[in-house]
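>>> starting from these lines, generate the structure:
(one chain, ligands or ions: 1)
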Amino acid sequence: MTAFDLPDLVHKIFDDQEVTPDARAILAQPDRQIAVSVPLRRDDGSLAVFPGWRCQFNTTLGPAKGGIRFHPGVTAEECTQLAFWMTIKCALMELPFGGGKGGAQVDPKDLSPLEVERLARGYIGAIADVIGPDRDIPAPDVNTDARVMGWMADEFAKITRRHEPACITGKPVCLGGSEGRTQATGRGALIVLDAWLEREGRKPEDVTVAVQGFGNAGAHFACLAHERGYRIVAVSDSQAAIHDPDGLTPSKLLDYKQKEKELSGALYADSSVKEGNGGEEIAQEDLLALDVDVLVLAAMEDAITEDNAGTVTAPLILEIANGPVTPEADAMLVKDGKVILPDVLANAGGVTVSYYEWVQGRTGERWGAATVTDRLTERMEAIAEACFDRAGDDDIPVREAAYAKAITRIADAISSRGDRSYFAG
Ligand code: GLU
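Okay, here's the model as predicted:
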């Protein structure tokens, strides 16, 4: 098993909350990690084999839940770390799930669409023994979208010879996906941001925002936030960053990227926001240092480290990516008086609507877009408010408040399943 070190924050919460020794021992390591080889028949007939993993970090509260990413940086350690964050996120959102994550170490941008389809099917073939609606439910993550989930669900149905719509979430709506799932991560982040700013008595019109990352989550967040009245003054993608102090129109940038993608027939856009006809190009690193009210981190892990934390001037940081701020950078920013709305809360809209999709898949019900949005809004507002209250009452950062709530929930469930106190005496 790959070694995993719980963050110092979790050890602090274990002590502060007097978490039982059994819960500490169980949460210290993942329940299960599997390493697989993912075969891919290339278009030229040759065979490539990529390493892949699936980690089910903890399943006390229910089946493991979490995405699958295709990225050259995927490793066993990264899957374990991401599965741990999913465990905290699902517990915080009061979902009946534990946490999981998986992926293959591959750059899908080097593959043709048909090769990506074969890779997706190969990956599901490799992990089919450990997933299913009551065991572990995959979903989209970096470089995997509804289309990829559709292929994966189809492959799983072929392997099991059963129609199992609840085996994978984030599917196309016509294949049993949920309305609102594609926008859910961005929408959830906006609900959390609105709730925080409302407490401060601030109106969207008076708030400037810079967004690092224009993938599914970042782009939908930017479009929805712009619709709501926020001024989006800068956005970046993996190729460039653009800035306009008067405000950009993110929906135009998204339309441009989508059209370019359709025209090229590629699965991944290789066009950039810089060609989308808005704003002046700036260095990507400079976006992080812009004098804005809110800095949104929607790209990848480790965007803010000890090296660049000192350049951040925005007083409020919204984490839409998983783990975009390292623990060392987090400590520096908090010391500097900055507020961070943490990933496990701010990006939990995606997995929450995945849960709604799983419920619909199991019951055969179909919910309309308005029902999904209403349920997401109600749940996210309530949980965000509870985290903000706890942070205020205990004078702790919002991240610590969110982790404390999640860990208490998991630890209580571990104890309720039976712990050493039953054997005392
Ligand atoms: N990959 C997303 C996340 O990190 C969604 C997971 C899911 O829907 O299960 O939260």
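>>> so for the lengthiest helix in the chain, what's the average pLDDT?
Longest helix of the chain, by residue count under DSSP state H: helix 369-394. Helix 369-394 comes out with an average pLDDT of 98.
>>> that helix packs against which elements?
Helix 369-394 is packed against helix 181-199, helix 343-346, helix 349-363, helix 398-416, with contacts defined by 3 or more Cβ pairs under 8 Å, 6 or more residues apart in numbering; DSSP states H and E. (Each C-beta comes from the backbone N, C-alpha and C, glycine too.)
>>> centre of the chain to it, how far?
17 Å (Cα atoms, centre = their mean, to the nearest Å).
>>> what residues does the stretch 1-150 of the chain put near the ligand?
K65, G66, G67, A139, D141 (Cβ under 6 Å from any ligand atom).
>>> what's the closest of these to C174?
A139 (17.4 Å; Cβ to Cβ).
>>> in the helix or strand where the closest one lies, what's buried?
Per DSSP states H and E: A139 is located in strand 136-140. Neighbour counts using 16 or more other Cβ atoms under 10 Å place D136, I137, P138, A139, P140 of strand 136-140 among the buried residues.
>>> likewise stretch 108-118?
In stretch 108-118, counting by 16+ other Cβ under 10 Å, buried: P108, K109, L111, E115, V116, E117, R118.
>>> again, but for stretch 259-271
E260, A266, L267, Y268, A269, S271.
>>> the longest helix of the chain to helix 181-199, inter-axis angle?
Relative orientation of helix 369-394 and helix 181-199, computed by axes from the mean of the first three to the mean of the last three Cα atoms, to 10 degrees: 40 degrees.
>>> so what's G218 up against?
G186, V211, Q212, V235, V296, A298, A299, I320 (Cβ atoms under 8 Å, 6 or more residues apart in numbering).
>>> list phi and psi for the closest residue in space to the last one that isn't next to it in sequence.
Meaning I320. Of all residues not flanking I320 in the chain, A298 sits nearest, at 3.8 Å (Cβ to Cβ, 6 or more residues apart in numbering). Note on A298: its backbone torsions stand at phi -130, psi 30 [degrees, to the nearest 10].
>>> put the alpha carbons of stretch 398-408 into CSV.
Provided in CSV are the C-alpha atoms of stretch 398-408 (Å, rounded to 0.1, in the frame of the first residue of the first chain):
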residue,chain,number,x,y,z
VAL,A,398,-13.5,27.8,7.3
ARG,A,399,-11.4,24.8,6.2
GLU,A,400,-10.9,23.7,9.8
ALA,A,401,-14.6,24.1,10.5
ALA,A,402,-15.5,22.1,7.4
TYR,A,403,-13.0,19.3,8.3
ALA,A,404,-14.2,19.2,11.9
LYS,A,405,-17.8,18.7,10.9
ALA,A,406,-16.9,16.0,8.4
ILE,A,407,-14.6,14.1,10.8
THR,A,408,-17.1,14.1,13.6
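>>> and the ligand, is that stretch touching that?
No. Stretch 398-408 is not in contact with the ligand by Cβ under 6 Å from any ligand atom; minimum separation 13.7 Å.
>>> on the three-state scheme, the residue in the stretch 151-300 of the chain positioned nearest to the ligand is what?
Residue nearest to the ligand within the stretch 151-300 of the chain (Cβ to the nearest ligand atom): T169, separated by 5.4 Å. Using DSSP: H, G, I helix; E, B strand; the rest coil, the structure places T169 in coil.
>>> this structure: strands as residue ranges?
Counting by DSSP state E, the chain has strands at residues 32-41, 47-58, 64-71, 98-105, 136-140, 208-212, 231-236, 241-243, 280-282, 294-297, 316-319, 339-341.
>>> what stretches of the stretch 251-400 of the chain score poorly on pLDDT?
Low-confidence segments of the stretch 251-400 of the chain (pLDDT under 70): 277.
>>> what residues does it put near the ligand?
N322, N347, G350, V351, S354.
>>> change it to 8 Å
Residues of the stretch 251-400 of the chain lying close to the ligand (Cβ under 8 Å from any ligand atom) are N322, N347, A348, G350, V351, V353, S354, Y355.
>>> between the residues you listed, which is nearest A391?
A348 (16.2 Å).
>>> got phi/psi on that closest one?
phi -80, psi 0.
>>> list the contacts of it.
K89, L92, M93, G188, M380, I383.
>>> re earlier: which residue is the nearest non-sequential neighbour of the residue of the stretch 151-300 of the chain closest to the ligand?
Counting by Cβ to Cβ, 6+ apart, the residue nearest T169 is S354, at 3.7 Å.
>>> thought the one you found was touching I168?
No. The pair S354 / I168 is not scored as a contact, 9.3 Å apart, by Cβ atoms under 8 Å.
>>> who has more neighbours, these two?
For S354 and I168, the more surrounded residue by other Cβ atoms under 10 Å is I168, and the numbers stand at 33 against 28.
>>> roughly how far does the closest residue to S37 other than its chain neighbours sit from P39?
Distance criterion Cβ to Cβ, 6+ apart; nearest residue to S37, sequence neighbours excluded, is V49 at 5.1 Å. For V49, the distance to P39 (Cβ to Cβ, to the nearest Å) stands at 5 Å.
>>> which one of these two has more residues nearby?
Between V49 and P39, counting by other Cβ under 10 Å, P39 is the more crowded of the two (16 against 10).
>>> need the contact list for that one.
Contacts of P39 were listed using Cβ under 8 Å, 6+ apart, and they are L47, A48, V49, G122.
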